[in-house]
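[1] turn this into a structure:
(chains A and B)
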Amino acid sequence: MNYTFKWSVLWSGQSGAWLLQGLITTLELSALAWLIAVALGILSGALRTVPFPPLRWLATFYVEFFRNVPLLVWMFFWYFAVPPLLPRFAQDWLFNHGAEFWAGTLALGVYHGARMSEVIRSGIGAIPRTQFEASVAMGLTTFQAYRLVILPVALRLIVPPGTNESLNLLKNSSVALTISVAELTFQTRQIETYTAKAIEALTAGTLIYLVLCLSIATIMARVERAYAIPGLISRRQAG
Amino acid sequence: MLRTLSLALAVLVALTATPALAQDTLDKIKQSGSLTIGTRTGSPPFAYVNKNNEWVGFSIDLVEQLIKPEVEKAVGKTIKVEKKESAPATRIPLLTSNAVDLIAETMTDTPQRRESVDFSLTFFYTGAQFLVKKGSPIHGVNDIGGKRIASQQGSTNAKIIREKYPQAQLREFPDQPAAFQALIQGQVDAYTNDGIQLAGLKAKSPKPEEWEVVGDFYSEEPYGMAMRKGDAKFKAAVDAGLKNGFESGKYFELYEKWFGAKGEVPYALTPQVKAYLMKQVGK
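    Numbering: from 1, shown residues only, chains lettered A, B, ... in the order given. As a prediction, this is how the structure comes out:
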């Protein structure tokens, strides 16, 4: 009796354009943060398994420090705590050129890098130690052994948990609205401001996230199949 | 894949389409013995948590001292007032889902919102201004071109700046503390919100003398209490409470308590605003 649905708010006025802008910002933010996360994740995940303790400690510190503090705090950290360390003119330049977006990207990328690191470490851990020893015995350096033998196999193994982590990253990009990044969730709230129709706006946002995540999951499942090494990983063919 | 998707959709539709129980608010209050209001924790002096960790404010006083007696009269028993946190993005859904019965905070009465909820008589009248550091070149809405302006997400001010002053760089934050922090650190050049909220923020800041509220009102912000649409009996009780307050002078005592010279946020009632408020009750 109380609430009259009015779905037309989603396609009348500027709502469509806002949702599209929000979607683009979400994708840009997530894609850049994902690149940072994967790079940091591979680096620190690999470092945590190398036979050189100081590097292991450094990587462990990074992982434990960044993944055990809430993402929201990291958003505020990169936006409020880092800029004052820069000279005044650099701050002004940043604030006029999308400091919000870059702070959000770093927060998301560095936080998820720490989480991605654990996924990659578990992938490396799944490879028998003897492979590394055999590589070294063949005359490869540690770096070569990782680059040519360990990582190519580990990265194939971690596609499913890596996909999961990537989807988390995409969904967590909505936290950037707290530092004024106009991403998808932000735009659904904006529609609410203009139309006072919160349920319709949130439903539109929900559906967009759902479609995005399902598409990524589908693509990643294909990637997994395409790059599988026959005989190395036995997997029941999913229906 | 398709099956999963259609199942997910079905769940979603079921969730969003569940109709609110057809029950009127006064019956609900009578049954539960409590009037549940949605209010703020960080909007002094309308609704905030004070130093003694009590949830108080002008809007809350209006409910407890003016509206509650009228609602008690209507349901024929004593009731208590329960408070829940609300925010611009959640207040209308809180009402429509029956989680709260009345929004008593700093909600501006707008035509768009009136399509979804009903509003009580106006209980406060303010307009949008800017909070700036003393000596800032911004003196009003005509000086904001090219400047970075913070606003609150979901507020009417953000909407006006975006539509009428697109030359300003708008930054929208979810709450007052984040927006004020951005102003303190120079992420933004000014923070715009309703004048009274800025006065409240300034009064509560560690160094009030460093800040200034500037500019003429560039918007009109009449605050009302929101309730579910089409519930005439409950609206009548809420309005009667406020009307009695205006007529008996009790409203002005509460105004003095919060906004008087010795109040939390001194903000004198101008004759124009007083006339506007009294006009609602035919005076």
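[2] chain A versus residue B:258, what's the distance?
    The gap separating residue B:258 from chain A is 27 Å, by C-beta to the nearest C-beta, to the nearest Å. All C-beta atoms are positioned from the backbone trio N, CA, C, and that covers glycine.
[3] what kind of secondary structure is that residue in?
    Taking DSSP: H, G, I helix; E, B strand; the rest coil as the rule, one finds residue B:258 in the helix state.
[4] what's around it, how many residues?
    Number of residues near residue B:258 (other C-beta atoms under 10 Å in any protein chain shown) recorded here: 21.
[5] and it, what does it touch?
    Counting by C-beta atoms under 8 Å, 6 or more residues apart in numbering or on different chains, residue B:258 touches B:45, B:57-58, B:61, B:264-265.
[6] got a pLDDT number for residue 99?
    No chain specified, so I'll use chain A. For residue A:99, the pLDDT comes out at 92.
[7] let's do chain B instead
    On pLDDT, residue B:99 comes in at 93.
[8] report the two of the contacts of residue B:258 separated the most.
    Put simply, by C-beta to C-beta the two of the contacts of residue B:258 set farthest apart are B:61 and B:265, 13.8 Å from each other.
[9] ok, which of the contacts of residue B:258 also contact chain A?
    The subset of the contacts of residue B:258 within reach of chain A, counting by C-beta under 8 Å from any C-beta of the partner chain, is empty.
[10] out of those, who's the most crowded?
    When neighbours are taken as other C-beta under 10 Å, the top entry among those is residue B:58 (28 neighbours).
[11] where's that one relative to residue B:106, distance?
    10 Å (C-beta to C-beta, to the nearest Å).
[12] anything in contact with each of those two?
    Contacts common to residue B:58 and residue B:106, judged by C-beta under 8 Å, 6+ apart, are B:46-47, B:124.
[13] ok so, going back, I'd like the contacts of residue B:258 written out as a markdown table, with distance to residue A:208 added.
    Shown next, in a markdown table, are the contacts of residue B:258 (distance: C-beta to C-beta, whole Å):
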| residue | distance to residue A:208 |
| --- | --- |
| B:45 | 40 |
| B:57 | 37 |
| B:58 | 40 |
| B:61 | 42 |
| B:264 | 43 |
| B:265 | 41 |
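[14] can you list these in a markdown table and add secondary structure?
    A markdown table is the format used below for these (three-state DSSP):
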| residue | secondary structure |
| --- | --- |
| B:45 | coil |
| B:57 | coil |
| B:58 | helix |
| B:61 | helix |
| B:264 | coil |
| B:265 | coil |
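[15] count the neighbours of residue A:81 for me.
    By other C-beta under 10 Å, neighbour count at residue A:81 equals 13.
[16] so what's residue 34 up against?
    I went with chain A, as the question did not name one. For residue A:34, the residues meeting the contact criterion (C-beta under 8 Å, 6+ apart) are A:109, A:112, A:166, A:169.
[17] ah, no, chain B please
    Counting by C-beta under 8 Å, 6+ apart, residue B:34 touches B:79-82.
[18] what's the pLDDT at it?
    Note on residue B:34: pLDDT of 95.
[19] for it, name its beta-bridge partners.
    Assessed by DSSP bridges, residue B:34 has beta-bridge partners residue B:80.
[20] so it versus residue B:75, what's the distance?
    Noted for residue B:34: a distance of 11 Å to residue B:75, by C-beta to C-beta.
[21] who touches both of these two?
    With contacts taken as C-beta under 8 Å, 6+ apart, residue B:34 and residue B:75 have no neighbour in common.
[22] any idea which residue is closest to the centre of chain B?
    By C-alpha atoms, centre = their mean, chain B has its centre lying nearest to residue B:106, at 1.3 Å.
[23] doesn't residue B:46 make contact with that residue?
    Yes: in this structure residue B:106 lies within contact range of residue B:46 using C-beta atoms under 8 Å: 4.9 Å.
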